[in-house]
Each structure stands twice: as structure tokens, then as C-alpha cells.
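Trainee: Build me a structure from this.
(one chain, ligands or ions: 2)
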Amino acid sequence: MKITDAKVIICSPGRNFVTLKIYTDEGLTGIGDATLNGRELAVASYLTDHVIPCLIGRDAHQIEDIWQYLYRGAYWRRGPVTMSAIAAVDTALWDIKAKAANMPLYQLLGGKSRNGVMVYGHANGGDIEETVDEVLRYASLGYKAIRAQAGVPGLKKVYGVSKDSMFYEPADGSLPSEHDWSTERYLDHAPKLFDRLRDKLGWEHHLLHDVHHRLTPIEAGRLGKSLEPYRLFWMEDPTAAENQDAFRLIREHTVTPIAVGEVFNTIWDCKELIEKQYIDYIRATVVHAGGITHLRRIADLAAMYQVRTGCHGATDLSPVCMGAALHFDTWVPNFGIQEYMRHTEETDAVFPHDYRFEDGFLHAGETPGHGVDIDEALAAKYPYQRAFLPVNRLAHDGTLCNW
Ligand SMILES: O=C(O)C(=O)C[C@H](O)[C@H](O)CO
Ligand SMILES: [Mg+2]
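Mentor: Ligands and ions are numbered 1, 2, ... in the order given. As a prediction, the model looks like this:
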């Protein structure tokens, strides 16, 4: 089956998405997500100018060979732009192969390992009481696991708190908006949130929290220790992961489980954290980590060290990524949890999909392929809008810090 054509579709139904569509001489088509929040057009150009010309005429069934061709063949390996582009090709080719086999994608990966994919939803509020109400709302919607983020007294805007509680969109400006930060205020406030939550919610539900890379290792150790009484499912991205040995310090101070990896794009980013057992969950996912082909390798490495998966699933990952991730989650033996931030109705209409939420679980569906399509006519009504993620500054002196 030969690849005859491929094109990049950029649309913005409420937020930007980049989608690759591959065509074959047998009439089968496949799509893959290539969205890199705030840097969308770089991936679109990488695909259009440098990848698509190399795809034409290749056998669409040779997924592994095409992956190696694009990864090794570029000479300049790795990085979020390259790996998101490779992921889009890989996802589209798995979609085509599964359609050709007339099977849902999870069957090609090895079949079902579970009945459904446990997800966590995002509850947030301007203060503790608002966040508690939101967490209770998520629990009433059937969620078994809920991430809780709250505004911090004295800080105007912080990561994870949104105006619209069901749909969180951080890329909120045509130039980066500015948030403010105080580690002292945050470290003081976060344990109070979880204390109140356990008091109101009880112990049946899993609670999660995203630190979003903002602490130093020793501050993260202190936070993890102060959250231990509330038995979190995980504390996410407690510190930036460029220096991975920094996680040793966190481990020495706390048994709160740790999840890292949403900004990782290859197995090399994950290797040290996994092999040294500095983390409990690896958060790499399909779109930013080289597609199903590469994510499988990361999961297999993680399995050797009892590290489980917890794929990134924010709204800037399109429904195409979510569909593919759910097939991966349905199969992967060392599954932990899947993040699920609901897309808006506008987005869902552009990307009709087979996956569905029921009682705290997502189900990948039985449609051949990954089960997600794109309505191109509708997508064309939502042209690209430049949008950036925010930047963060220390509240007391304006120094730029991690967002
Ligand atoms: O979903 C999460 O855990 C995030 O941290 C979301 C990220 O901020 C978002 O994907 C950035 O584009
Ligand atoms: Mg995160």
C-alpha cells in the first residue's frame, strides 16, 4: 500500500490544532496529531517542507522503517518539533494499518489488558472552598481520580486555575500573558487545600496535584513530605527535569509518589529517572514522544522498574492524540492512569470520535483505526490564531521563573 499524498491541516476551534492526514493508493487515509502548544507552525513547516516529500511512494505498512528513516535520517535527532512531527506520521500510519486490518488499534498492539481506562479530571478554583466544591462536582460526575489546583492567596494568576472550571486553556494571549509566583505562599497553602479536601471528600477517591516544575528539589521534598498525610496518587513535575539527579534529593525526603514526563520527547529523556527509580509514573504521550512506536519502547523500559504510565492529556493535545493514547492505554501492561481534560464542544465537533466517558473511565471504542476523524469543512471555518503559553515572574521582584 503506497503513500500517495499527505497534508497538514491547521485549525483553531477554540484553540489551535495541527493535524497530519496521509493518503494511500488503496483509498485508506489516516490522521495524526502534531500540535505543539505555542509553537504550532514550526511543526507544520517541519512536516510540510521536510517530511511529506520523503513520504510519497513509501509503503504505508512499513511503520517501523519509516519511523527510523525520519528519526535517524534527519541527522538532527530528538526535540519537541521533530518528535511531534514523527509522532503525527506514526499515528496516521497506525490508523491506516488498523483500518486495513479492520480492527481497533488496541488489537494490533496486543489486545485489551483492561476493561476501561481510568482517567483523572481537573478540578480547580480561585480559593480552597471553590476548589473543594469543584472536586465534589467531579466526584459526582463519576470520576475516581481528580487533580486539584487552587489559587494561592496574594498571587493574581497561577497555573491550573481557570475562569471556566470545566475547560482549562492556558494559552491565553497573542503574546505571553504574565503570571506571578511565590514559593513561600504556595508551600504554605497547598497542604491546607488537601487537608480540607480529605475532610470533605473522604478517602475513596484518588487525588493528584501538578506542581508544574516550579520548585527547587529541596522545596519539592518539603512539599511532598507535607502532603504525605493526604495520600496523593501523585505529585506531578515537582521540579524541572533537566537535571534528573535532582530527583534523588526529593526521593530522600518523601514517599509521595512522583509523576514526570509531559515535556519529554524521547526515551533518552526518561532513561535516568526510570532506571534510578526516581519516579513512579511516566507522563510522556503519543504526540510529543514520537508516536505509538516510540511510546511503546518508553513503557517497556518503565515496566522493568515498576514505573507505570500516566499519559499527558491536556486540551492542547487534540482528540486525535487522545484517541491514539486510549488504544495504547487499553493495551499497555504497566498502565497507571490517563489524564483527561475535556475538549470544548467546538473541538469535539471538528474531531468526531468513538471514545466515550463512563463512570470515571474512558473507552477507546471499536471503530477500525484509532477511531478519530477530522471534519475538514468545519475545520476550515476556524483559522489559526496565534496563541502563547504564559510566563511566570517572582511576585516580590519580577524575576522570570518556571511557569
Ligand atoms: O496537563 C498538565 O498536566 C499540564 O501541565 C498542561 C500543560 O501546562 C500544557 O499541556 C502546556 O501546553
Ligand atoms: Mg502537568
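
Trainee: Can you report how many residues lie near I10?
Mentor: Neighbours of I10 under the rule other CB atoms under 10 Å: 18. Placement of C-beta: from N, CA and C, glycine included.

Trainee: for the closest residue to it other than its chain neighbours, what are its contacts?
Mentor: With sequence-adjacent residues excluded and distances taken as CB to CB, 6 or more residues apart in numbering, I10 is closest to Y384, at 4.9 Å. By CB atoms under 8 Å, 6 or more residues apart in numbering, the contact list for Y384 reads 10-12, 16, 40-41.

Trainee: Ok, A395 next?
Mentor: 154-155, 180-182, 185.

Trainee: Checking F328 next. Helix, strand or coil?
Mentor: Each residue gets one of three states, and F328 gets helix by DSSP: H, G, I helix; E, B strand; the rest coil.

Trainee: Distance-wise, check it relative to P104.
Mentor: When CB to CB, to the nearest Å is the yardstick, F328 and P104 sit 12 Å from each other.

Trainee: count of residues packed around the closest residue to ligand 2 within the stretch 201-350 of the chain?
Mentor: Closest approach of the stretch 201-350 of the chain to ligand 2 (CB to the ion) occurs at D210, with a separation of 4.3 Å. Under the neighbour criterion other CB under 10 Å, D210 is assigned a count of 21.

Trainee: Name whatever forms a beta bridge with it.
Mentor: D210 has these beta-bridge partners by DSSP bridges: E236.

Trainee: surely it meets G160?
Mentor: Yes - under the criterion of CB atoms under 8 Å, D210 lies in contact with G160, with a separation of 6.0 Å.

Trainee: can you confirm the residue nearest to I10 is in a helix?
Mentor: No - with three-state DSSP as the criterion, Y384 is assigned coil and is not in a helix.

Trainee: Give me the distance between it and H288.
Mentor: Applying CB to CB to Y384 and H288 gives a distance of 20 Å.

Trainee: Could you pull up the residues touching the closest residue to ligand 1 within the stretch 1-150 of the chain?
Mentor: The nearest approach of the stretch 1-150 of the chain to ligand 1 comes at N37, 3.5 Å away (CB to the nearest ligand atom). By CB under 8 Å, 6+ apart, the residues touching N37 are 16, 170-171, 316, 389.

Trainee: The helix or strand hosting S45 near ligand 1 anywhere?
Mentor: Under the criterion DSSP states H and E, the helix or strand holding S45 is helix 40-45. No - Helix 40-45 stays clear of ligand 1 (CB under 6 Å from any ligand atom), getting no nearer than 11.0 Å.

Trainee: which residues sit in contact with the single nearest residue of the stretch 51-200 of the chain relative to ligand 1?
Mentor: For the stretch 51-200 of the chain, the residue closest to ligand 1 is P170, as judged by CB to the nearest ligand atom, at 5.4 Å. P170 is in contact with 37, 159, 162, 316, 389-390, counting by CB under 8 Å, 6+ apart.

Trainee: and the chain, which residues reach ligand 1?
Mentor: 37, 170, 210, 212, 262, 312, 314, 316, 339, 389.

Trainee: Could you look up the SS state of the first one?
Mentor: Translated: N37. coil.

Trainee: tell me the centre residue of this structure?
Mentor: Geometric centre of the chain, nearest residue: H312, 2.1 Å, by CA atoms, centre = their mean.

Trainee: So D373 sits against I31, correct?
Mentor: Yes - counting by CB under 8 Å, D373 touches I31, with 7.0 Å between them.

Trainee: the more surrounded of these two?
Mentor: When D373 and I31 are compared for neighbours, I31 comes out ahead with 25 against 20, by other CB under 10 Å.

Trainee: So what touches the helix or strand containing the more buried one?
Mentor: I31 belongs to strand 29-33 when assigned by DSSP H and E. Applying CB under 8 Å, 6+ apart, the set of residues contacting strand 29-33 from outside is 17-23, 60, 87-96, 99, 286-287, 291, 317-318, 320-321, 324, 369, 372-374.

Trainee: Please flag which of these sit within helices.
Mentor: Within the contacts of strand 29-33, residues falling in helices by DSSP state H are 87-96, 99, 291, 320-321, 324.

Trainee: Out of those, flag the one nearest to E219.
Mentor: Proximity of the ones in helices among the contacts of strand 29-33 to E219 (CB to CB) peaks at C321, which lies at 31.9 Å.

Trainee: hmm, back to that, now do the SS call for the residue of the stretch 51-200 of the chain closest to ligand 1.
Mentor: Each residue gets one of three states, and P170 gets coil by three-state DSSP.

Trainee: Centre of the chain to the strand holding I31, how far?
Mentor: 18 Å (CA atoms, centre = their mean, to the nearest Å).

Trainee: same thing with stretch 296-314?
Mentor: Distance, centroid of stretch 296-314 to centroid of chain: 13 Å (CA atoms, centre = their mean).

Trainee: do it and ligand 2 meet?
Mentor: No - using CB under 5 Å from the ion, we find that stretch 296-314 stays clear of ligand 2, coming within 6.8 Å at best.

Trainee: In contact with the residue of the stretch 151-300 of the chain found nearest ligand 1, which residues?
Mentor: In the stretch 151-300 of the chain, the residue that lies nearest ligand 1 is D210 (4.8 Å; CB to the nearest ligand atom). By CB under 8 Å, 6+ apart, the residues touching D210 are 147, 149, 159-160, 236-237.

Trainee: Not counting its neighbours along the chain, what's nearest G142?
Mentor: The shortest distance from G142 to any non-neighbouring residue, by CB to CB, 6+ apart, is to D359 (4.4 Å).
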